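Asks: got a structure for you, letters missing:
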C-alpha cells in the first residue's frame, strides 16, 4: 500500500513539474508576441542609443485577396524594401481603402513586420511562437494526464484512460493558448485564465479516469 501511495505521489509531482514547464513556455511565447508594444520608433527622442526600436519601412501592395475560412480574412501581399514579400491580415475598411500599388507604412521589430498603416488605418501583427505554443500544449497535456492518473489511481489495465486524455487536453490547450496570446490581455489576467482552464482540464481528466476505475 505504501509503495502504491508513493508511486501516486511521484506521478502527480512529475505531472505538476511538466505542467509548470508548459506554463513557462506559454509565458515566454506570450511575452515575445507583444514584446514590440511600447518600443519607440527608431530616430525619435524616446529611442535611446543602442536600445531596441521599431524600424520604419515602406512597402508596396502587390496583391489583395479574401481568404474564406470560418470567417473571411482580408489579406494584403506587401513587397518590402529589405526583405521578401509577406502576406498580412487587415481589417475590412483597411482592405477596401488600399489598392494594388499603394504604398503602406511598416513598423519592423527584430526583422519582423509588426504593424501596417495606411491613411489612418492600422493593422497589428503579433510574432507568435507556434513552436513554443505547441511544445507547451504537449507538455501540459502529458502532465495533466499524469496528474489525473495519479489522483484517480486506476488499475494498471486502465492506464490508457488517463493517457488518452492527453490528446484532447493538448488540442484544447493549443487553441486556448493561441486565443490568449492573440488577445494580449495583461499577463496576470492571462495566466489566471490559463490556470483556470487547466484546473477544468485536470478535473475532467481526473473524473474520466476515476469513472473507469472499477
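Replies: Perfect, thanks for sending it. Just so you know, these numbers come straight off a predicted model, no measurement behind them.
Asks: for residue 190, which non-adjacent residue is spatially closest?
Replies: residue 180 (5.1 Å; C-beta to C-beta, 6 or more residues apart in numbering). C-beta: built from backbone N, CA, C; applies to glycine.
Asks: could you check how far the one you found is from residue 169?
Replies: Per C-beta to C-beta, to the nearest Å, residue 180 is found 16 Å from residue 169.
Asks: same question for residue 204.
Replies: Applying C-beta to C-beta to residue 204 and residue 169 gives a distance of 8 Å.
Asks: same drill for these two, tell me which one is more crowded.
Replies: residue 169 (25 against 16; other C-beta atoms under 10 Å).
Asks: residue ranges with poor pLDDT in this protein?
Replies: 1, 153-159, 210-214 (pLDDT under 70).
Asks: just want the most central residue of it.
Replies: Taking C-alpha atoms, centre = their mean as the criterion, residue 178 is the residue nearest the geometric centre of the chain, at 3.5 Å.
Asks: leaving out the residues flanking it, which one is nearest to that one?
Replies: Once flanking residues are discounted, residue 178 sits nearest to residue 133: 6.4 Å by C-beta to C-beta, 6+ apart.
Asks: just residue 173 next, same as before
Replies: In space, residue 173 is closest to residue 137, 3.9 Å off (C-beta to C-beta, 6+ apart).
Asks: show me where this structure has strands.
Replies: 55-68, 72-80, 86-90, 103-109, 112-118, 121-124 (DSSP state E).
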